[in-house]
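Peer 1: Here you go, sequence then predicted model.
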Amino acid sequence: MANSKSSKKRSIIAVRNRQRNVSIISAMRTSISNFYRSVENKADDSETKLRHVLRVVDKTAAKGCIKREKASRQKSRLAHFYNKAIKMAADASSDTKDSGKKEPVSKKRVTTVSTDKAKKSASKVAKTTAKTTAKTTTKAKVKKVSSADKKSSKVVKKD
C-alpha cells in the first residue's frame with residue numbers, strides 16, 4: 001500500500017491510465033474483429049474498413065497502449081488477410097466464368113508503410129552518408145601524414 005502522498009497519487013493515476021488503455025485496446029480489437037467479419041462476408045466496403053482499422057491500430061500505438069512493433073505486426077497481418085481474400089475472390093470469379101478466355105484481374109493490394117518508418121529511413125541514410133564522408137576526409141588526412149612520415153623515415157635510413 002502507498003505510504004506517502006505522492007505514491008498514493010501515482011497509484012490513482014496508474015489505475016486511471018490502465019482503465020483508459022484497456023478501453024482503447026478493446027476498441028481496437030472490436031474494429032479488427034469487425035473488419036475480419038466484413039471480409040469473410042465479402043462486403044463491398046471492406047477496403048474502407050481496412051483503412052479504418054489501420055488508422056485505429058496506428059492511433060493505439062501512438063498513444064502508447066501497445067508497442068509499435070505489435071502495431072506493425074497487426075497491420076501486416078490485416079493487409080495479408082485482405083490481399084489473400086481479394087486474390088481468392090478473383091480466382092473464384094475467374095473459375096466461374098464460362099468463356100475460355102481469362103480477363104486480366106485488377107489487383108487491389110494494400111501496402112502498409114508508415115510515414116514514421118519512411119522518415120526514419122531517410123534520416124538514417126542522411127546520417128550514414130554524413131558519417132562516411134567524415135570518415136573519408138579523416139582517412140585522407142591520416143594517409144597524407146603517414147606518407148610524409150614514411151618519406152622522412154626513408155631519408156633517415158639512407159643517411
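Peer 2: The structure has been received and is ready for your questions. Numbering: from 1, shown residues only.
Peer 1: just so I have it, where are all the strands in the chain?
Peer 2: Assigned by DSSP state E, the strands in the chain number zero.
Peer 1: And the helices in it?
Peer 2: Shown for the chain, the helices assigned by DSSP state H span residues 5-40, 46-62, 68-96, 115-158.
Peer 1: I'd like to know which of the ones you listed has the weakest mean confidence.
Peer 2: Ranked by mean pLDDT, the helices of the chain end with helix 115-158 at the bottom, a mean of 57.
Peer 1: Tell me the spacing between residue 79 and residue 13.
Peer 2: As judged by CB to CB, to the nearest Å, residue 79 and residue 13 stand 36 Å apart. Any C-beta I mention is one placed from the backbone N, CA and C, and that applies to glycine too.
Peer 1: between these two, which one's more packed in?
Peer 2: More neighbours surround residue 79 than the other of residue 79 and residue 13, with 17 against 10 (other CB atoms under 10 Å).
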